[in-house]
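K.L.:
Just need the structure, nothing else, for what follows:
(one chain, ligands or ions: 1)
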Amino acid sequence: MNPGALFELHRKLCVQPPMKNKIYLKTNSRIARLACIWLRSRAVALVWGRTIHLYGATADDLLSNPSWLAHEMVHVRQYEFRGVPRFLASYLWEWVKHGYYNNRYEREARDVNRQWDVGTIFDNYKFEIK
Ligand SMILES: [Zn+2]
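P.N.:
Purely as a prediction, here's the structure:
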């Protein structure tokens, strides 16, 4: 392998982060605003696939709040694990059966975020503000 190709391979493997590790932060989101009204909350973060929608809070508010960020990242993992349509259907079903606070995905997010080493979030994911 010539040095140029080796450099290219190295660049691909080591420098460019894989696309799947990118997380988007959407501030002033309409969908999060609706959730704010629905939940009668001043600030809401709502995960949809690989995007964390925010309303009433800035990206900095979220990124500087380790337990909040870890909670939302658990939801990102839940989407990754099941895929967007299956997760959404399952989440809605859980919500109908158990409500917001007691549905299994919210309970899991609360349990896991107590154990999550927040440092690894920044190692494994790259945050991009939309
Ligand atoms: Zn949650």
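
K.L.:
Spell out which residues belonging to this structure are near the ion, please.
P.N.:
With the criterion set to C-beta under 5 Å from the ion, the chain comes near the ion through 106, 109. The way it works is simple: take the backbone N, C-alpha and C, and place the C-beta from them, glycine included.

K.L.:
All the strands of the chain, residue numbers only.
P.N.:
Counting by DSSP state E, the chain has strands at residues 22-26, 44-48, 51-55, 126-129.

K.L.:
Report all helices and strands that the first one contacts.
P.N.:
Using 3 or more C-beta pairs under 8 Å, 6 or more residues apart in numbering; DSSP states H and E as the contact test, the elements touching strand 22-26 are strand 51-55, helix 59-63, strand 126-129.

K.L.:
Can you point out the buried residues in it?
P.N.:
Under the neighbour-count criterion of 16 or more other C-beta atoms under 10 Å, strand 22-26 has 23-26 buried.

K.L.:
Equivalent analysis for the last one, please.
P.N.:
Within strand 126-129, the residues that count as buried by 16+ other C-beta under 10 Å are F127.

K.L.:
if we compare the strands of the chain, which one ends up closest to R77?
P.N.:
Proximity to R77, assessed across the strands of the chain by C-beta to C-beta, is greatest for strand 44-48 (9.7 Å).
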